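# Predicted model and sequence follow; I will ask about them next.
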Amino acid sequence: MRHRLWTALRVRTAVAAALGVGLVAGPVGAPTTAAAATIRFNTTNQSIPLLLVHGFNDSCAGAWNSAGTDKNGAALPGANTAARTYLAGQFTNIKEVGYYTPDAGCDENLNSDSNLTQCNAFPESTADYGITKKDRLDRLSCLLAWYIYDNYTQYGEPVNVLAHSMGGLLVRYALGATARLAYFPQVLWVNNVVTVATPHGGVSGLYHTAAESAGLGGVELDMMDPGNPNYSFMSTIAGYQRPAGFGGTRWALIGASDASNVFGDGGPEVSFWASQDGDGVVVTDSQMSMTADYKVEYGARTPSLTPGNVADLNTQYEHETLMGCFVWIAFCFNGPYYLNDSSTASTMAWTCSGCSGRPGGSPVTISRSLATIAAQLQQKPVPNLPSNDFVFRSNANSDYISAELGYTGASYGMLRARSAGKGPWESWTRVHLPTGYWVIRNNGNGLYVSAELGYTGANYGELRARTGAAAIGPYEVFDYIPNADGTYSWRSVANGLYVSAELGYAGASYGELRARASAIGSYEEFNNSTTGTGSCVNYGSTTITGPDSCAGTFSTHSIWYSGGGLGLRGREIWTWANGAVQDSTATYQLSGLSTRYVIEIDAFIPNYHSNAQHVHYHLCAPGNGCGDDYVNQSPLYDQWTVVGYVCTTDGTATITLADDGGDRYPRQIAADAIRGVNTHLVC
């Protein structure tokens, strides 16, 4: 249901959850899930979930499933389509997300989802949870973040988001607070975000006064006011400029200026009364008040008779349906509205890329609102998750792990350490999830490995290659653990137990893999060697070394994590950036280098866990002294890059990689192979 200002205007402004004052929520446990997700490879934006998030004092039915009407409730003429209906012609997996109780027409309600319990420690009465105008915006964005994580991100499925008004702030805060605040998830995978009429700069001044006069005051409206001393919401979100999730997030902002003078359409009621360009609910400056990859501003600016201030009088979009302008203004008309204009005709608008404020320059030709929204939701292609083939072999009996695709029923696809050779059933791919965990796919049948935690007795936790890509859930998620001797182990994330090869079983169950061990022993160790030994890596020369070097020319200090089999030889390690304070280091010892020519020192940068921009390399060589170089790892993907140059009098050099280059958490620093290469320059 919608209302106009002065006759009960409804301000559906987009709000991102701000940092709560006196927040007492602590770290949360592993989330649960309501449904399995689809792990995505070589897919399109039209296939992945598209989440529709409505705004303040609204509903899914009102925002996405209503055609445009004038302020008297009469349908607008011309191309006039409900947004959900229009988008369904291009996107196959649309989910409408609401958060009020009740919230009509939603596919998901964040406040009634019993699995979302991570956001219940915010400083407000539980009686206000889900209540229109009263629920805290930081809490709502926390719920949204966990909904995306629980149902999609943790199982390797990306989403796109279209948010209207306050919904855009919820999305912005959810992405900005993720990995920064303990009560938010560690990561979200959001590919494209389009916000429509979102008050990125807040709701203040006469627009705020008008909303309060219409009876819309409360916690939510107050948290959107940048000048309200009781909330840090808007000051916090101002620090989240173009927040990015896993793999990067593209932002597009769509807004409009309905000129506040009579030479446009007279402006909607509040724009005219406030003498400030806007859409009747959100000031245009506020709609554009975040740095974004792309922005569109439709309509006309005040004064609209000034050359260059009119893009198109027919696309002076108003915030929502049922809004109009002062009846006595001669040139007044109703609509159109952002979420209803399905016209295929082109228009003119101001646009910009990468700008922080309103677009400048002259208007350019562009599609109308719904066509532009649909196009912007598809601008960033869906990236594939990192994956690689790997050797899966028991270290205890040296047999390859087979998926028993000839078995039937409840034993189909059972994993067993029983093959002396490697064929299709022994061929495996591991896929790195955004969370850092893994799923394992058998290349013989294309299905993913599950730990059967519903089985009992001697078959409890049996591993089977039996799950399709569209049904990834908790039983399919594993942790990869590198061991000190060069072997590795798997642990089921669902029950926390390590995978064992049951070499004491007999017959058709000999070597059965089960997630059942509380500690790592010989049965829980696997290797990736085709010779049956996986203790170290032979880099082939003394002029190159890296993690797990058989020559013992690589060492670490303090905290490092496994890259999960990625990198030049599958032994990448990584650590968190630590500002300007040195803690974690990796040291490389090279020898056999030329003493005549300048040596180029190269580092191999893997495509994961390597987004730090100032990685510190300390290079030392006898007769040359020591020097420092800094490398931006972020744009490099599985490639060698030059770190620096040395001359050496005895053919040796020592390179130390450290975490004190100036970047801070959550930036990650990768350590992989380093090599010395002769140049043609004489020392």
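Yep, that arrived.
# list the contacts for residue 478?
Applying Cβ atoms under 8 Å, 6 or more residues apart in numbering to residue 478 gives the contacts 437, 438, 439, 440, 449, 451, 490, 491, 492, 493, 499. Placement of C-beta: from N, CA and C, glycine included.
# beta partners of it?
Residue 478 forms beta bridges with residue 438, residue 492, as assigned by DSSP bridges.
# Near residue 626, how many other residues are there?
For residue 626, the neighbour count with other Cβ atoms under 10 Å is 11.
# Would you mind listing the residues in contact with the nearest residue to it once chain neighbours are set aside?
Excluding its sequence neighbours, the residue lying closest to residue 626 (Cβ to Cβ, 6 or more residues apart in numbering) is residue 620, at 4.1 Å. Residue 620 sits next to 626, 627, 646, 653, 654, 655, 656 when contact means Cβ under 8 Å, 6+ apart.
# helix or strand for the residue nearest to the fifth one when sequence neighbours are not counted, which one?
The spatial neighbour of residue 654 that comes closest, neighbours along the chain excluded (Cβ to Cβ, 6+ apart), is residue 620 at 4.7 Å. When secondary structure is defined by DSSP states H and E, residue 620 falls within strand 615-621.
# mind saving the C-alpha coords of the next helix-or-strand element following that strand as CSV?
Per DSSP H and E, strand 615-621 leads on to strand 625-631 as the next helix or strand towards the C-terminus. The C-alpha trace of strand 625-631 is given here as CSV (Å, rounded to 0.1, in the frame of the first residue of the first chain):
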residue,chain,number,x,y,z
GLY,A,625,73.7,-5.6,0.6
CYS,A,626,69.9,-5.5,1.1
GLY,A,627,67.0,-3.6,-0.4
ASP,A,628,63.3,-3.5,-0.1
ASP,A,629,60.7,-3.7,-2.9
TYR,A,630,56.9,-3.6,-2.8
VAL,A,631,54.6,-5.5,-5.1
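# Flag every buried residue along strand 625-631.
Using 16 or more other Cβ atoms under 10 Å as the burial criterion, the residues of strand 625-631 that qualify are 629, 631.
# contacts for it?
The contact list for strand 625-631, computed with Cβ under 8 Å, 6+ apart, reads 603, 605, 614-620, 641, 643-644, 646, 661.
# of the contacts of residue 620, closest to residue 257?
Nearest to residue 257, judged by Cβ to Cβ, of the contacts of residue 620 is residue 627 at 54.8 Å.
# So what pairs up with the closest one in the strands?
Beta bridges link residue 627 to residue 619 when assigned by DSSP bridges.
# Distance of it relative to residue 59?
The gap separating residue 627 from residue 59 is 63 Å, by Cβ to Cβ, to the nearest Å.
# returning to what we had before: just put the contacts of residue 478 in CSV and tack on pLDDT.
Conversion of these to CSV gives the following (pLDDT from 0 to 100):
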residue, pLDDT
437, 95
438, 95
439, 97
440, 97
449, 98
451, 98
490, 98
491, 98
492, 98
493, 97
499, 98
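# and these, which are buried?
Neighbour-count burial (16+ other Cβ under 10 Å) applied to the contacts of residue 478 gives 437, 438, 439, 440, 449, 451, 490, 491, 492, 493, 499.
# correct me, but the second one touches residue 448?
No: at 10.3 Å, residue 438 and residue 448 do not qualify as touching, with contact defined as Cβ atoms under 8 Å.
# how about the helices in this structure?
Using DSSP state H, the helices found in the chain span residues 60-64, 83-87, 137-151, 166-177, 205-213, 219-223, 233-237, 269-274, 284-287, 369-376.
# Comparing the ones you listed, which stretch has the densest surroundings?
helix 166-177 (a mean of 30; mean count of other Cβ atoms under 10 Å).
# quick one, that one and helix 137-151 angle?
Relative orientation of helix 166-177 versus helix 137-151 (axes from the mean of the first three to the mean of the last three Cα atoms, to 10 degrees): 70 degrees.
# avg pLDDT for helix 166-177?
Averaged over helix 166-177, pLDDT sits at 97.
# Begin at 57 from now on, thanks
Sure thing, new numbering starts at 57, so read that last one as helix 222-233.
# tally of neighbours for the residue lying closest to residue 529 once chain neighbours are set aside?
Nearest non-adjacent residue to residue 529, counting by Cβ to Cβ, 6+ apart: residue 92, 4.2 Å away. The local packing of residue 92 (other Cβ under 10 Å) involves 18 other residues.
# and what of the one 4 residues further on?
Residues lying near residue 96 (other Cβ under 10 Å) number 21.
# Next: residue 572.
Count around residue 572 with other Cβ under 10 Å applied: 21.
# need the contact list for it.
By Cβ under 8 Å, 6+ apart, the contact set of residue 572 is 516, 517, 553, 554, 556.
# Would you mark the buried spots in stretch 516-525?
516, 517, 518, 519, 520, 521, 522, 523, 525.
# again, but for stretch 560-579
In stretch 560-579, counting by 16+ other Cβ under 10 Å, buried: 565, 566, 567, 568, 569, 570, 571, 572, 573, 576, 579.
# Closest to residue 405 out of the residues you listed?
Relative to residue 405, the closest of the buried residues of stretch 560-579 is residue 571; by Cβ to Cβ it sits at 55.7 Å.
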